[in-house]
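[1] 3D, please:
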Amino acid sequence: MNATHKETMRTGGLTNRLFQVKKTGAIMVGKTLIAATRLLGRGGTTLPGRMAIRIKADLTEHLAAQLNQGTLVVTGTNGKTTTTALIRNILKAAGYSYIHNQSGSNMSWGVASALVASTSWRGTINADWALLEADEGAFPKIVQDTCPFVVMVTNIFRDQLDRFGEIDRIQDAIDRGLQLQPAGGFQVVNADDPSLISLGGAEGKKRLTYGLELDLPEDNFKNTGRDTKTCPLCKKKLVYKRIYFAHLGHYYCPSCSFRRPLPDVQLTGLKINADGTSRLEIKASGSQICINSPLPGTYNYYNLLAALTCALALQVPESIAVDALETANPSFGRMENFTVDNRELVMALIKNPVGANEVLRTILNKAEKATLLVAINDKIADGTDVSWLWDVDFEQLAAGSDLLSTTFASGLRAWDMAVRFKYAGLDQRLIQVDENSGNALRRSLQATPPGGKLYILPTYTAMLEIRRHLNQMGYGRPYWEER
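    You can find the predicted model right below:
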């Protein structure tokens, strides 16, 4: 063995040992911080991942490579958390083990935290899948790091204007992520969103689409503002044969060949049952599937279709997927239910105009008298620009004012919300303002009679605060303990 070869072996051995030391150190720091932050009631979803990947920048890539089956990544403006929760139910019912960043920490460090939490102290993972919710801006990096077998895009709307500006930047980020997905996998895309259908990255992969094929009166699916109005190819104005909400529907361009494709998975029939559940008739792979879903609202029909399409991509037996979807509960902060002192609390995250409009419409469609608490923060995770509140159709609350007993505004931007209520036409005598979310929660509970209902509509960090208050009151569990 010559001196040059010996030096090469020595250098390679040192490099490998250094890699192992940095990897082990990153995992140890991450796991220690997870334990410490959870002990303090903070969840351990951001800081541990940040520190771990600061020590070992490619840690996520090395951990994801150990998965038995691979990675599923879900992105899009609305519906990510609910859709990943539905897929989680399907994976569990099908007998797969999985890792899930279920707290909603969907940046690259949140993914790192989820992987580190499921890793042994020696750095080994024993799981079939990593099911990852991905922020639209972080989507390209997460795809690059985890090489997903399935990527899913739910929709694109204007969201967090301080980060993304207009919708084009979100679309560009998602397009880059789709391009980075390795060949041989699946892409699951909402056919009713024209901003998605034109995206590339499908070469060498199978693209499955889903959408609504419902012929209902126009009033049933009110247009609540379109973010995509022009053809992505020739920039001419799109024509819609049917709109389900916002810019989701049946569209075509009268000036070129761009049009909505016929979805692979189609919602062809819908019946609202007396108990508020929905019976969905779905056509997929040439067969008819019926699902009785407890999840309300048009947006949840899309989420259910997305999860079912993913199950088909993974070749999960139809009966298992249907059972899993029928027994699904609302996910973290998405029409989530609590019972507090004989009062029903329903918490629904709001973060952009389209999502907020659909939540309000779902609430008002129930036609029951209730108390309302809207908690608006403007921290980084919420989006620091709250001008979107003026694009939300709060006027529909004024139109249904006989259904509201008292309306509370809370959070860091409570007074902005109160002003918006005023200009929406709500009775100012019924608007209560309390910037402290804990106080507002207690006051709104007191204003709700026994047997009554309280709707809580918070932004992301306000939702975490209210969940923490509820946990301290003895209701619910910390989100990192929920499965």
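
[2] please name the nearest non-neighbouring residue to the residue nearest the centre of the chain.
    Centre of the chain computed as the mean C-alpha position; nearest residue by CA atoms, centre = their mean is residue 80, 2.2 Å away. Distances taken as CB to CB, 6 or more residues apart in numbering put residue 133 closest to residue 80, at 4.7 Å, once the chain neighbours are dropped. Heads up, the C-betas are built off the backbone N, CA and C, glycines and all.

[3] where exactly do the strands run in the stretch 1-150 of the chain?
    Counting by DSSP state E, counting those that start in this stretch, the stretch 1-150 of the chain has strands at residues 70-75, 98-100, 129-133, 150-153.

[4] elements contacting the last one?
    By that I understand strand 150-153. Packed against strand 150-153, as judged by 3 or more CB pairs under 8 Å, 6 or more residues apart in numbering; DSSP states H and E, are the following elements: strand 70-75, helix 167-180, strand 186-190, helix 298-313.

[5] and of the ones you listed, who's closest to residue 232?
    Proximity to residue 232, assessed across these by CB to CB, is greatest for helix 167-180 (8.3 Å).

[6] picking that back up, verify the stated contact: the residue nearest to residue 80 with residue 114.
    No: Residue 133 is beyond contact range of residue 114, at 9.6 Å (criterion: CB atoms under 8 Å).

[7] on that earlier part again, could the strands of the stretch 1-150 of the chain go into TSV alongside mean neighbour count and distance to residue 392?
    Written out in TSV, the entries for these read as follows (neighbours: other CB atoms under 10 Å; distance: least, CB to CB, whole Å):
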stretch	mean neighbour count	distance to residue 392
strand 70-75	26	23
strand 98-100	21	30
strand 129-133	26	24
strand 150-153	28	24
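
[8] can you give me the neighbour number for residue 376?
    Under the neighbour criterion other CB atoms under 10 Å, residue 376 is assigned a count of 24.

[9] same deal with residue 229?
    Taking other CB under 10 Å as the criterion, the count of residues near residue 229 is 11.

[10] now do the same contact list for it.
    For residue 229, the set of contacting residues under the criterion of CB atoms under 8 Å, 6 or more residues apart in numbering consists of 237, 238, 247.

[11] which residue packs closest to the first one, ignoring adjacent ones?
    Going back to what we said before, that points to residue 237. The spatial neighbour of residue 237 that comes closest, neighbours along the chain excluded (CB to CB, 6+ apart), is residue 230 at 5.8 Å.

[12] how long is stretch 137-157 from one end to the other?
    The first and last residues of stretch 137-157 sit 13 Å apart, counting by CA to CA, to the nearest Å.

[13] list the buried residues of that stretch.
    137-143, 145-157 (16 or more other CB atoms under 10 Å).

[14] cool, stretch 233-244 as well?
    With burial defined by 16+ other CB under 10 Å, the residues of stretch 233-244 counted as buried are 238, 240, 242, 243, 244.

[15] what's the answer for stretch 189-198, then?
    Across stretch 189-198, burial judged by 16+ other CB under 10 Å covers 189, 190, 191, 192, 193, 194, 195, 196, 197.

[16] what does stretch 435-451 give?
    By neighbour count with 16+ other CB under 10 Å, stretch 435-451 contains the buried residues 437, 438, 440, 441, 443, 444, 445, 447, 448.

[17] redo the strands of the stretch 1-150 of the chain as JSON lines? Include distance to residue 409 and mean pLDDT.
    Supplementary listing: the strands of the stretch 1-150 of the chain in JSON lines, determined by distance: least, CB to CB, whole Å; pLDDT from 0 to 100:
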{"stretch": "strand 70-75", "distance to residue 409": "31", "mean pLDDT": "96"}
{"stretch": "strand 98-100", "distance to residue 409": "33", "mean pLDDT": "94"}
{"stretch": "strand 129-133", "distance to residue 409": "29", "mean pLDDT": "96"}
{"stretch": "strand 150-153", "distance to residue 409": "34", "mean pLDDT": "96"}
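
[18] any idea how far the residue nearest to residue 80 lies from residue 231?
    When distances are taken as CB to CB, to the nearest Å, residue 133 and residue 231 turn out to be 30 Å apart.

[19] now do residue 316
    Here the criterion is CB to CB. By it, residue 316 lies 36 Å from residue 231.

[20] and for residue 69?
    The span separating residue 69 from residue 231 equals 38 Å under the rule CB to CB.

[21] same thing with residue 108?
    Summarising the geometry, the distance separating residue 108 from residue 231, computed by CB to CB, is 33 Å.

[22] swap in residue 194?
    Using CB to CB, one obtains 8 Å as the distance from residue 194 to residue 231.

[23] how about residue 350, secondary structure?
    Here residue 350 is recorded as coil under DSSP: H, G, I helix; E, B strand; the rest coil.

[24] dump the residue contacts of residue 326.
    291, 292, 293, 294.

[25] correct me, but the last one touches residue 329?
    Yes: counting by CB under 8 Å, residue 294 touches residue 329, with 7.3 Å between them.
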